[in-house]
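Peer 1: Let me see the structure of the following:
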Amino acid sequence: MLNFTKLTPSINLKRFIAPVVLAIGCTLPTYASAHFQMIYTPELLRDKGGNMTLKMPFTHPAASGHVMKLDKPEAFYMIKKGKKTDLLDTVSEIEWESAVDTGHAYQANVKLRGLGDYVFISQPSPYFEAEEGFYIQQITKTIVNVGGLPTDWNEDFGLAAEIVPLTKPYAIYEGGIFTGVVKSRGQAVPFAEIEVEFVNYVPEMEHNRFAKTPLMTPAADVFITQTIYADANGTFNYVLPKAGQWGFAALGVGEQKTYKDKALSQDAVIWVEATKLP
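Peer 2: Predicted coordinates:
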């Protein structure tokens, strides 16, 4: 059993301290607190550029769960070949439908010009999780490649909370391994707690909703959100067992720990895609 007393303070203990205080000895299922900020487009590897839409609900993609209302992102931008482009003015409001409810979300329409990696980064406004009594801010990264030319995919951008990929996030076969390093301002975060979810309900882009039918049925609830830990160097590995998109959320690894006099879990999120063998 993992000994939490030996882990660094970067572990997001506040996500389970409150339930323990309420009921000593009662274990909170990991999937109950799994929140994922999405920056979704159907294909992370594209043959050519052109217009592209990104959908950005804050939700539970593995279960088509509750859509959480956020204010407009604090920042949204793109990095290509080291050049940063502010895209906040491209962000517009939408309503996103899940199997549970319909909630406030955002989208952005962008244009990809030329070959290479396009790194999209969102710093959303903190969300107050009333049931657990703290704020969540998920600094999220999605990398789209055009033409197979790698440029920026493995760069460390020095974000407050960041997962730096060591595997091209758009060039992994089903059954392949994704490796990343959890960092905060360029420094590795040892033993970070990471939640993993599969986009089991594929977003229907034109209708702003999740599909009604899942891609697979989990063997048990514990498979909906899986939890892994980085090693002493902040590095983690995960085998992508099924083709599709996967989200990784490193919890509470950011430098900011409070917001509006309450605890803040500043998380790092990255989205990767597994492709079927031809």
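Peer 1: C-alpha only now, for contacts and for neighbours.
Peer 2: Will do.
Peer 1: wouldn't residue 171 be in contact with residue 275 here?
Peer 2: Yes - assessed by Cα atoms under 8 Å, residue 171 is found in contact with residue 275 at 7.5 Å.
Peer 1: which of the residues in stretch 269-278 are buried?
Peer 2: Within stretch 269-278, the residues that count as buried by 16 or more other Cα atoms under 10 Å are 269, 270, 271, 272, 273, 274, 275.
Peer 1: quick check, nearest of those to residue 208?
Peer 2: Proximity to residue 208 was ranked across the buried residues of stretch 269-278 by Cα to Cα; first place goes to residue 271, at 18.8 Å.
Peer 1: Identify the residue spatially nearest to that closest one, adjacent ones excluded.
Peer 2: Spatially, and ignoring its direct neighbours in sequence, residue 271 is nearest to residue 247 (4.6 Å; Cα to Cα, 6 or more residues apart in numbering).
Peer 1: That neighbour in helix, strand or coil?
Peer 2: For residue 247, the assignment made with DSSP: H, G, I helix; E, B strand; the rest coil gives strand.
Peer 1: picking that back up, in JSON lines: the buried residues of stretch 269-278, plus distance to residue 102, secondary structure and pLDDT.
Peer 2: As requested, the buried residues of stretch 269-278 are exported to JSON lines (distance: Cα to Cα, whole Å; DSSP: H, G, I helix; E, B strand; the rest coil; pLDDT from 0 to 100):
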{"residue": "269", "distance to residue 102": "23", "secondary structure": "strand", "pLDDT": "98"}
{"residue": "270", "distance to residue 102": "24", "secondary structure": "strand", "pLDDT": "98"}
{"residue": "271", "distance to residue 102": "23", "secondary structure": "strand", "pLDDT": "98"}
{"residue": "272", "distance to residue 102": "25", "secondary structure": "strand", "pLDDT": "98"}
{"residue": "273", "distance to residue 102": "26", "secondary structure": "strand", "pLDDT": "98"}
{"residue": "274", "distance to residue 102": "28", "secondary structure": "strand", "pLDDT": "98"}
{"residue": "275", "distance to residue 102": "30", "secondary structure": "strand", "pLDDT": "98"}
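Peer 1: Distance to residue 231 added to those, as TSV?
Peer 2: Below are the buried residues of stretch 269-278 laid out as TSV (distance: Cα to Cα, whole Å):
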residue	distance to residue 231
269	17
270	18
271	20
272	20
273	23
274	23
275	27
